[in-house]
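J.: Build me a structure from this.
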Amino acid sequence: METASHIPTNVSPTHYRIAVVIPSYRVIPSVLEVIRRIGPEVEFVYCIDDCCPDGSGRYIEEHCRDPRVRVIKHEQNQGVGGATISGFKCALEDGADVVVKIDGDGQMDPALLLRMINPIVAGRADYCKGNRFFNVQSVQSMPPIRLLGNAVLSFVTKLSSGYWNIFDPTNGYVAIHARVISELPLDKIHRRYFFESDLLFRLNTITAVVEDVPMNAKYGAEQSNLHIRTIIGPFLFNHLLNSIKRVGYNHFLRNFSAASIELTLGISGLLFGFTFGTVRWWHSISTGQPVTAGTVMLAALPVIVGSQLVLSFLNYDVRNVPQIPLHKRLWN
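T.: Next up, the predicted model:
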């Protein structure tokens, strides 16, 4: 775990009203300690009882004396995304400038909060998220199933979100500028475990700047509500859907460039090459007649050229990660 001594001193949150959102679902053993460790720089703390069967909201109200804390109760469970979005909306209503989400299970050190908001306060980013892969020692302490799952999902999320510069996309320790929240379609963002990934996709559609913040995570005896086998299918499907929507929005609807032509011709070439090659291969197997060299080239050449065109498009996409913070443009 990081300690307060590692927090950069160049952060000046004096003129920023900072809010913390804590989704509180089955976190009674740890949530009070998480609240206690939140520093005086924070003005608002929202604990979201997402219809918790353990009554976490009631427990916080009965045992927490921090005047900054406000408990919000959901009558129906909405998932971690729904709980976070409820906190975002309350923070906007109360006039917060920067909102930080910290889980209530004790895995995220509240002492890192200033480090998390530093890129936003410095005007470099609109949204910051933790990256547990930055430190080698942190990676070694990570449970193997989380390590494998995050590695795969990180690559898929790069494709679907367009943020090729980030890693560890499912990390829930995040900070966001309030002006950016107001530009997001909050009611369309996924409410459950796809929340962090879907939020990145939505941020890209409004050209927000995202930055990773190195951090360590603690894994203790807490039980995760996330079961890889039950969510991997929906995760991959949602990522595929977001990839198609993002490319359509950014490269055809909002802008049309040489990269758009490269992608169109590249996919067309790949489809033609694979389809034609498969048909001719099956015909050769069925009749016993070998295909000619010209037929092979007619199938292979579109695949080769198409692959190069798609790679060229990806290179363009990687180089066009948003660079100018949205909240600064909105201010101007």
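J.: Any regions of the stretch 51-200 of the chain where pLDDT drops low?
T.: 138, 141, 146 (pLDDT under 70).
J.: can you give me the helices in it?
T.: Applying DSSP state H, counting those that start in this stretch to the stretch 51-200 of the chain gives helices spanning 56-63, 79-93, 113-121, 136-140, 144-161, 178-183, 195-205.
J.: Now R37: closest residue in space that isn't a chain neighbour?
T.: P110 (4.2 Å; Cβ to Cβ, 6 or more residues apart in numbering). All C-beta spots, glycine's among them, are computed from the backbone N, C-alpha and C.
J.: tell me which element V21 is part of?
T.: strand 18-23 (DSSP states H and E).
J.: same for that strand, what does it pack against?
T.: Contacting strand 18-23 under the criterion 3 or more Cβ pairs under 8 Å, 6 or more residues apart in numbering; DSSP states H and E are the following elements: helix 28-36, strand 42-49, helix 79-93, strand 98-101, helix 113-121.
J.: Report the mean per-residue pLDDT for it.
T.: What strand 18-23 shows for mean pLDDT is 98.
J.: I figured S268 was touching V305, is that so?
T.: No. Under the contact definition of Cβ atoms under 8 Å, S268 does not touch V305, with a separation of 10.1 Å.
J.: in the longest helix seen in the chain, what's buried?
T.: In terms of residue count, the longest helix belonging to the chain (DSSP state H) is helix 258-287. By neighbour count, with 16 or more other Cβ atoms under 10 Å as the criterion, the buried positions of helix 258-287 are 259-260, 262-263, 265-266, 269-270, 272-273, 276-277, 280.
J.: again, but for stretch 27-41
T.: When neighbours are counted by 16+ other Cβ under 10 Å, the buried residues of stretch 27-41 are found to be V27, I28, S30, V31, L32, V34, I35, I38.
J.: Now the terminal residues of it, how far apart.
T.: Using Cα to Cα, to the nearest Å, the end-to-end distance of stretch 27-41 comes out at 24 Å.
J.: What lies in contact with stretch 298-310?
T.: When contacts are defined by Cβ atoms under 8 Å, 6 or more residues apart in numbering, stretch 298-310 is touched by residues 262-263, 265-274, 276-277, 280.
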